[in-house]
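Trainee: how does the following fold in three dimensions:
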Amino acid sequence: MHPTEYHNLIDSRAYRQASRRVLRQLLEALLFENALPHVEWQDGQDGQDNTLTVPGLRNDGATVTYQCQAQRTFSFGRIRVTTPLLRYSGNDGNGQTIAEEASDPALFLAEIAPWLNADAARLEQFAAELLATQIKDAHTLYSRSGNVLRGADYDTLEARLSDGHPYHPSYKSRLGFTLEDNAAYAPEIASAVVPILLAVRRGRCRWTVSATLAPTSATPASNLLSDADYRQFRDELIRRGLRPEDYLPLPVHPWQWNEVILPTCHQALARGELLALGPLLARYLPQQSIRTLSNASEPRQLSLKLSMNLVNTSTSRVLAPHTVQNAAPISDWLQALVAGTDWPSPLARPVLLREVAGVSFTAPAPAQGQYGALACIWRESVHQHLLLNEAAVPMTAVLHIDADGLPLIHPWVQRYGPEEWLQRLIERAWLPVLHLLWRHGTALESHAQNMILLHADGLPSRVALKDFHDGVRFSTALLSGPAPALTAAPAEHARVNPNSFLQTSDAEELRDFTFDALFFVNLAELAWLFARFYDMPERRFWQITANVLHAHQLRHPEQAARFALFDCFADTVAIELLASRRFQPEIRLRTRLTPNPLAHFAKPPCP
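Mentor: Reported below is the predicted structural model:
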């Protein structure tokens, strides 16, 4: 980026907007996670928000104070910061306190560090993630130039939504990207991404394919590539005197190709274990997760989920080989589970965007940075499943505030009414996920990015669910049928990634896995939106939600034991501490018990 352009960026409204958001989400997360024990509250007067004061220490030992307005909310007791964070430090020599708007998340973190119980090295890394989030978010906002997204088609929304994770402070860190990379590959900015097509020798890869995709074929390449790309794959191998059936296709993201594959996998290329065949011919558009690309040339074709040694929301975006091998078996198992389930009215059978195939390269002598660095998972497109009267929007769009200052869903809520629209959303999108938990003891990580809302003229009709290779948890003892046959994680992966597991014997752990994503990360944000824009108190929001759950449970008394086992009306639920885990040692699950807003409505309403 040219220095003049960079100066314009950091002097822009977009930069100030991003700075406020990073600090707001950081402070809100630390407060929820009880990481700041010395916070002071002063009750607001005449209905005003409360004043929140956070003490800190400058590096010279002098005291500093941060202050803002905030609300305690009904949703899990979360605290919402409602004004920019101000920093008070010393005086100007004339007895006047120096006050300025805080804009540096790394400085804020450093000055509150004495109270964080943090590992110094991990705290420093966390600060780097926050600074990276700040500049990447500012860059995307600056480049988008306030475009209104309401009314856009699904693929445009999937790419151009700029929100990121609504709770995680490092919601757009993208460590590994320069700003030039961000301009070229970020979904909010990029016009297209062209993957490189590799061929990988079968003996040097792990692969899996759905039984429904290629039940008898020894070569699934023709089912995974467009006609033109398959011809390129086949003809180029034949031109080199090789048998196409001895190789599998393996697309790679162009950033990954330049940053990781060329520097570390050149020996495999020299030995012919990997062959570079050229760019894919179809045009691809990055989705919100960056490394998942949808086929813009043929929208009904499979999407590509590609390995990237990119860190976003504190997680490396590589694809561990065992998860690639598990992708199709888990999808097929879930599909059979859903197909064999009764979906009593008003539930609508959810759409599963199956991961139908996966290929990962395994080097004979792996080098640092190669694990999971070269892999692809093929996923079904939502366009395959839409009915004639249906349209799709990413569930993140339901939470989006558009450039005109109104929610993207505003026309729909106005047309059908806030309570009616919300009830329909819970019935058609949330209840099916809970039905799978209650009926089958199967928990899905259904945060907004893993859900797609299908609607008819804005009225919710069904939900599409995705991202199953590592976003499912189950207990073999609690399943209503056989468990899927899966490849186990290697011991080293389990040690480094203790939160990456699929099986548990703890029913509450399954309930909390569902609850965390579906209610805490997802519905709590919608409750806050409805309170601000539609004058719906959060208590009323959760009462409507509870009424939908009670109505379903009263219609199915035969499942009473399962409703009690996976109790959504429990007094407390365990929520993962996404901020604290960034500066404290990694453990299997770092959670806290928090009041459950649904517990206030544990008894069904009187008929």
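Trainee: when you work out contacts or count neighbours from here on, use the C-alpha atoms and nothing else.
Mentor: OK.
Trainee: isn't Asn295 right up against Gln301?
Mentor: Yes. Asn295 is within contact range of Gln301, at 6.2 Å (criterion: Cα atoms under 8 Å).
Trainee: how near is Leu436 to Ser303?
Mentor: 25 Å (Cα to Cα, to the nearest Å).
Trainee: what about the two, which has more around it?
Mentor: Neighbour tally, Leu436 and Ser303, criterion other Cα atoms under 10 Å: the higher count belongs to Ser303, 26 against 18.
Trainee: any idea what the more buried one is bridged to?
Mentor: Arg379 (DSSP bridges).
Trainee: now Leu302: phi and psi?
Mentor: Note on Leu302: backbone dihedrals following degrees, to the nearest 10 are phi -60, psi 150.
Trainee: how about it, what does it touch?
Mentor: Leu302 makes contacts with 224, 294-295, 378-381, as judged by Cα atoms under 8 Å, 6 or more residues apart in numbering.
Trainee: now these in a markdown table, with neighbour count?
Mentor: Shown next, in a markdown table, are the contacts of Leu302 (neighbours: other Cα atoms under 10 Å):
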| residue | neighbour count |
| --- | --- |
| Leu224 | 26 |
| Ser294 | 28 |
| Asn295 | 20 |
| Trp378 | 25 |
| Arg379 | 27 |
| Glu380 | 20 |
| Ser381 | 21 |
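Trainee: so which one among those residues has the lowest pLDDT?
Mentor: Least confident of the contacts of Leu302 in the model: Leu224, at 92.
Trainee: output the lowest mean pLDDT helix or strand found in the protein.
Mentor: Least confident helix or strand, the chain: helix 491-496 with a mean of 60, by mean pLDDT, DSSP states H and E.
Trainee: would you mind identifying the next helix or strand past that helix?
Mentor: Per DSSP states H and E, helix 491-496 leads on to helix 507-515 as the next helix or strand towards the C-terminus.
Trainee: who touches that following helix?
Mentor: 434, 437, 441-446, 473-475, 504, 565-568, 573-575.
Trainee: ok, now with 7 Å
Mentor: With Cα atoms under 7 Å, 6 or more residues apart in numbering as the test, helix 507-515 has contacts from 443-446, 473-474, 565-566, 573-575.
Trainee: end to end, how far does stretch 432-452 reach?
Mentor: Start-to-end, stretch 432-452 (Cα to Cα) is 13 Å.
Trainee: quick check: mean pLDDT across it?
Mentor: Computed over stretch 432-452, the average pLDDT equals 93.
Trainee: which residues in the stretch 101-250 of the chain form helices?
Mentor: Along the stretch 101-250 of the chain, the segments classed as helices by DSSP state H, counting those that start in this stretch run 105-112, 120-144, 154-160, 179-185, 221-224, 227-239.
Trainee: comparing those by mean pLDDT, which bottoms out?
Mentor: Among the helices of the stretch 101-250 of the chain, helix 221-224 carries the lowest mean pLDDT, a mean of 87.
Trainee: packing partners for it?
Mentor: Contact partners of helix 221-224 among helices and strands, from 3 or more Cα pairs under 7 Å, 6 or more residues apart in numbering; DSSP states H and E: none.
Trainee: redo the contacts of Leu302 as CSV? Include distance to Asp332.
Mentor: What follows is the contacts of Leu302, written out as CSV (distance: Cα to Cα, whole Å):
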residue, distance to Asp332
Leu224, 17
Ser294, 21
Asn295, 22
Trp378, 13
Arg379, 12
Glu380, 12
Ser381, 16
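Trainee: mind listing what's buried in whichever strand in the chain runs longest?
Mentor: Assignment by DSSP state E gives strand 63-72 as the longest strand of the chain. For strand 63-72, a neighbour-count test (16 or more other Cα atoms under 10 Å) marks 64-71 as buried.
Trainee: residue farthest from the centroid of this protein?
Mentor: Taking Cα atoms, centre = their mean as the measure, the residue most remote from the mean C-alpha position of the chain is Asn94, 49.7 Å away.
Trainee: what about Glu558, how many neighbours?
Mentor: Neighbour count for Glu558, taken as other Cα under 10 Å: 10.
Trainee: quick one: pLDDT of it?
Mentor: Turning to Glu558, the model gives it a pLDDT of 95.
Trainee: can you pull the phi/psi pair for it?
Mentor: Dihedral pair for Glu558: phi -70, psi -20, per degrees, to the nearest 10.
Trainee: how much space separates it from Ala564?
Mentor: In terms of Cα to Cα, Glu558 sits 12 Å off from Ala564.
Trainee: before we move on, what about Ala602?
Mentor: According to Cα to Cα, Ala602 and Ala564 sit 11 Å apart.
Trainee: residues near His2, how many?
Mentor: Residues lying near His2 (other Cα under 10 Å) number 7.
Trainee: ok, now the one 10 residues further on?
Mentor: Residue crowding around Ser12 was assessed by other Cα under 10 Å; the count is 15.
Trainee: mind checking the pLDDT average for the longest strand of the chain?
Mentor: Strand 63-72 shows a mean pLDDT of 95 in the predicted model.
Trainee: what about Gln414, distance to Asn312?
Mentor: 35 Å.
Trainee: grab the nearest non-local neighbour of Ala132.
Mentor: Nearest residue to Ala132, sequence neighbours excluded (Cα to Cα, 6 or more residues apart in numbering): Ser173, at 4.8 Å.
Trainee: Ala429 contacts Val463, doesn't it?
Mentor: Yes. The criterion here is Cα atoms under 7 Å, and Ala429 meets it with Val463 at 4.9 Å.
Trainee: and Leu319, how far from Gln503?
Mentor: Leu319 is 19 Å from Gln503, by Cα to Cα.
Trainee: if we can go back for a sec, and the helices of the stretch 101-250 of the chain: which comes nearest Met308?
Mentor: Across the helices of the stretch 101-250 of the chain, Met308 has its closest neighbour in helix 179-185 (11.7 Å, Cα to Cα).
Trainee: the residue nearest the centre of the chain and Ala228, how far apart?
Mentor: The residue lying closest to the centre of the chain (Cα atoms, centre = their mean) is Gln449, at 4.7 Å. Separation of Gln449 from Ala228 (Cα to Cα): 31 Å.
Trainee: then Arg160?
Mentor: Here the criterion is Cα to Cα. By it, Arg160 lies 28 Å from Ala228.
Trainee: kindly report the same for Glu124.
Mentor: In this structure, Glu124 and Ala228 are 48 Å apart, going by Cα to Cα.
Trainee: when those two are compared, which one has more neighbours?
Mentor: Neighbour count, other Cα under 10 Å: between Glu124 and Ala228, Glu124 has more, with 17 against 12.
Trainee: brilliant, that's me finished.
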